[in-house]
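**Student:** My questions concern the predicted model and sequence given below.
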Amino acid sequence: MINRRQFLKLTGAGAAGLLTGGMTSFVNASGPDAALKPAKNFVPDLDIDLRAAPAQVPILPGSSTDVWRFEAKLLKGDPASLTRLERTYLGPVIRAQTGQKVRIRFTNNIADNTIVHWHGLHVPADMDGHPRFVIPQGESYLYEFEVRNRAGTYWYHPHPHGITGPQVYSGLAGLFLVSDDEEKAAGLPTGEYDIPLVIQDRAFDKNNQLVYLSGHRMEQMTGFLGDWILVNGQPDFILPVATHAYRLRLLNGSNSRIYKLAWQDGSPMTVIGTDGGLLEKPVQRRYVMIGPAERLELWADFSRQAVGSETALVSLPFDAGALAGGRRGGGMMGGMMGSDAVLPNGAGFSVLRVKVKRQNKETLALPQRLSEFEGYRVGDAVNPGNPKTFHLIMQQMVWTLNGRIFQMEAVAGDEVVQMNTMEVWEFVNEGGGMGMMGMMNMPHPIHLHGLQFQVLERRGVMHDGYVDEGWKDTVLLMPGERIRLLVRFADYPGLFLYHCHNLEHEDMGMMRNYFVEGNGATAKQKSPTAREA
Ligand code: C2O
Ligand code: CU
Ligand code: CU
């Protein structure tokens, strides 16, 4: 069941990579061995058997669609901690409490290498689903970790290098919801009034089968964009509600589409949470931008609506830059290729309709205080006035981070950080770079593994629909923007990823490792300033 051979093979490949990469090598403190056998002293509160497997689900009228889907069985724990969604390719919703110990025995039953990543969770390096841990069909990987995150809407998805985009697209994604005492005391809607909404776009052929990239390089450059907007895996999604307040947990689970969400009737969006859980207090926006992998939690109060009335959550049109894309090309490049864009990034459309179905006498009032938020102080960073800067640039038709692309086990000198320190990281999306597309700009949703960070400042803002408050693990940078983050590397040494969460960008290599030194894990630097060409 456990795959030691594969691990050894990968270690060998990694070692070779270090010799040729001219970067740095490292010693893993605990070693991936820890991931391979159940630890004797680990007593799980939740024990889950999770599989990635082929399935057929009805999505459009007519034939079912072939998908890959996460399926799970609860071996131990509260039955409410695993809920299966009907008629969807999405994986089951996993629910855990802060402080619980979780064991997940993952088996790969798809005809592809894969591994599972727990997006947003603070877990040890060998529990994080790094692509170096991929397993082939028929093999298993054992996850054991304690949930240390605060309450929030996290998620899980595959993370094999180069093929994450197609695997998530094929259906492999699910929610991982964490709750804690603070959240329970906040006075938020629960049960049927607490609704997860995963927004994704897909394209189908005449036989209702999923269509991914056409093979055009340009399409990978912009990222996949589908012309069907699905919510929880369903088209034309209708949310039946009562006259009551709701907690709507939104996840943008799309490969590359960005949404500019607003209520159709123009009423403001009340945001109560982001990637890392509840905000200190609710904030209001006319609209909210949500990039791939970001989460937003809304307070939606339908208590003053008449039974029978309807509203809708829409995505407003916006300018996504020169490379707006679209399934058959689009924007400027579509024009150059002589094709019409099908729903390019930035097009307007309806996401879901809300129908008020029944009267409910009671409702809830929006709490003015949601959670305790203790912000980081920039003065506590090791480099307060001197951020580590990462330029999001295209080189030789590939999106890069500072001109570097992913290498399985390599880290550059400036990608090595010390455990229990805080740094200021700056991401700059102001164009530049070389090659035909050098002057082109695109949005990039930047994600850091293993931690939640804070947004220190954002400049060059073209959109006021960002929710930069609270704890974040993914931030959207529209063309012309730069953002400074306060990042603290707590608890866990080892190798973690940071990358663009436009999955086609990630797959082409817009991803790098960072290495947390501590507890005996060290990155031996050969050339601290080395950069890959
Ligand atoms: Cu949601 Cu590295 O990923
Ligand atoms: Cu992640
Ligand atoms: Cu990108």
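**Tutor:** Good, I have the coordinates. Ligands and ions are numbered 1, 2, ... in the order given.
**Student:** for the residue nearest to residue 194 when sequence neighbours are not counted, helix, strand, or coil?
**Tutor:** Leaving aside its sequence neighbours, residue 194 sits nearest to residue 247 (CB to CB, 6 or more residues apart in numbering; 4.6 Å). Any C-beta I mention is one placed from the backbone N, CA and C, and that applies to glycine too. Assigned with DSSP: H, G, I helix; E, B strand; the rest coil, residue 247 falls in the strand class.
**Student:** OK, contacts around residue 247?
**Tutor:** For residue 247, the contact set (CB atoms under 8 Å, 6 or more residues apart in numbering) comprises 188-190, 193-195, 272, 297-300.
**Student:** Taking these together, which two end up most distant?
**Tutor:** 190 and 298 (15.2 Å; CB to CB).
**Student:** returning to that earlier point: does the residue nearest to residue 194 have beta-bridge partners, and which?
**Tutor:** Beta-bridge pairing of residue 247 under DSSP bridges involves residue 194, residue 299.
**Student:** still on that earlier bit, which among the contacts of residue 247 end up buried?
**Tutor:** 188-189, 193, 195, 272, 297-300 (16 or more other CB atoms under 10 Å).
**Student:** Can you lay out those residues as CSV showing distance to ligand 1?
**Tutor:** As requested, those are arranged in CSV below (distance: CB to the nearest ligand atom, whole Å):
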residue, distance to ligand 1
188, 25
189, 27
193, 27
195, 22
272, 22
297, 18
298, 21
299, 25
300, 26
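**Student:** Where does the stretch 301-450 of the chain get nearest to ligand 2, residue-wise?
**Tutor:** Taking CB to the ion, ligand 2 has its nearest neighbour within the stretch 301-450 of the chain at residue 449, 4.6 Å off.
**Student:** Could you report the separation of that residue from ligand 1?
**Tutor:** Distance of residue 449 to ligand 1, computed by CB to the nearest ligand atom, to the nearest Å: 6 Å.
**Student:** Next, give phi and psi for that residue.
**Tutor:** The phi/psi pair for residue 449 (degrees, to the nearest 10) reads phi -80, psi 150.
**Student:** tell me which parts of the stretch 301-450 of the chain are close to ligand 2?
**Tutor:** The stretch 301-450 of the chain has residues residue 449 near ligand 2, with proximity defined as CB under 5 Å from the ion.
**Student:** where's residue 199, which helix or strand?
**Tutor:** Taking DSSP states H and E as the criterion, residue 199 maps to strand 194-202.
**Student:** Using CSV, list the CA coordinates for that strand.
**Tutor:** The C-alpha trace of strand 194-202 is given here as CSV (Å, rounded to 0.1, in the frame of the first residue of the first chain):
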residue,chain,number,x,y,z
ASP,A,194,-24.2,28.0,5.9
ILE,A,195,-23.7,27.2,2.2
PRO,A,196,-20.5,26.5,0.3
LEU,A,197,-20.5,27.7,-3.3
VAL,A,198,-17.6,26.6,-5.5
ILE,A,199,-17.5,28.6,-8.8
GLN,A,200,-15.8,27.0,-11.8
ASP,A,201,-15.9,27.3,-15.6
ARG,A,202,-15.9,24.4,-18.0
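**Student:** next structured bit after it?
**Tutor:** Note on strand 194-202: by DSSP H and E, the next helix or strand toward the C-terminus is helix 217-222.
**Student:** Only the buried residues of the next helix or strand along the chain from that following helix, if you could.
**Tutor:** Counting by DSSP H and E, the next helix or strand C-terminal to helix 217-222 is strand 228-231. Across strand 228-231, burial judged by 16+ other CB under 10 Å covers 229-231.
**Student:** what's the answer for stretch 371-382, then?
**Tutor:** Under the neighbour-count rule (16+ other CB under 10 Å), stretch 371-382 has 371, 373, 376, 378, 381 buried.
**Student:** And for stretch 284-297?
**Tutor:** 285, 287-297.
**Student:** how about the residue nearest to residue 58 when sequence neighbours are not counted, what does it touch?
**Tutor:** Counting by CB to CB, 6+ apart, residue 64 is the residue found nearest to residue 58 once chain neighbours are left out, at 5.1 Å. Contacts for residue 64 (CB under 8 Å, 6+ apart) come out as 56-58, 208.
**Student:** in the stretch 201-350 of the chain, which spans are helices?
**Tutor:** With DSSP state H, counting those that start in this stretch applied, the stretch 201-350 of the chain shows helices at 217-222, 331-337, listed in chain order.
**Student:** returning to that earlier point: now do the same for the strand holding residue 199: mean pLDDT, whole number.
**Tutor:** Mean per-residue pLDDT for strand 194-202: 98.
**Student:** Show me the shaky parts of the stretch 1-150 of the chain.
**Tutor:** By pLDDT under 70, the low-scoring segments of the stretch 1-150 of the chain are 1-36.
**Student:** Find the closest residue to ligand 3 in it.
**Tutor:** Nearest residue of the stretch 1-150 of the chain to ligand 3 (CB to the ion) works out as residue 119 at 16.3 Å.
**Student:** Can you give me the end-to-end span of stretch 237-247?
**Tutor:** From its first residue to its last, stretch 237-247 covers 17 Å (CA to CA, to the nearest Å).
**Student:** Quick one: mean pLDDT over that stretch.
**Tutor:** Mean pLDDT, computed over stretch 237-247, is 98.
**Student:** ok, back up a step: got CSV for the buried residues of stretch 284-297, with distance to ligand 3 and pLDDT too?
**Tutor:** Formatted as CSV, the buried residues of stretch 284-297 follow (distance: CB to the ion, whole Å; pLDDT from 0 to 100):
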residue, distance to ligand 3, pLDDT
285, 24, 97
287, 22, 98
288, 20, 98
289, 15, 97
290, 15, 98
291, 10, 98
292, 9, 98
293, 11, 99
294, 14, 98
295, 19, 98
296, 20, 98
297, 25, 98
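**Student:** Could you tell me which of those belong to strands?
**Tutor:** Among those, DSSP state E puts 285, 288-290, 295-297 in strands.
**Student:** Let's have these in CSV, adding distance to ligand 2.
**Tutor:** Formatted as CSV, these follow (distance: CB to the ion, whole Å):
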residue, distance to ligand 2
285, 25
288, 21
289, 19
290, 16
295, 12
296, 17
297, 18
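**Student:** ok so, going back, mind giving me the packing neighbours of the strand holding residue 199?
**Tutor:** strand 174-179, strand 228-231, strand 245-252 (3 or more CB pairs under 8 Å, 6 or more residues apart in numbering; DSSP states H and E).
**Student:** Return the residues of the protein in contact with ligand 3.
**Tutor:** Checking the chain against ligand 3 by CB under 5 Å from the ion, the hits are 444, 500, 502, 505.
**Student:** one more time with 6 Å
**Tutor:** Applying CB under 6 Å from the ion, one finds that the chain approaches ligand 3 through 399, 444, 500, 502, 505, 510.
**Student:** Can you tell me which of the helices of the stretch 201-350 of the chain has the worst average pLDDT?
**Tutor:** The weakest mean pLDDT among those belongs to helix 331-337, with a mean of 41.
**Student:** For stretch 381-388, what does the pLDDT average out to?
**Tutor:** Averaged across stretch 381-388, pLDDT comes to 97.
**Student:** And it, what's buried?
**Tutor:** For stretch 381-388, a neighbour-count test (16+ other CB under 10 Å) marks 381, 387-388 as buried.
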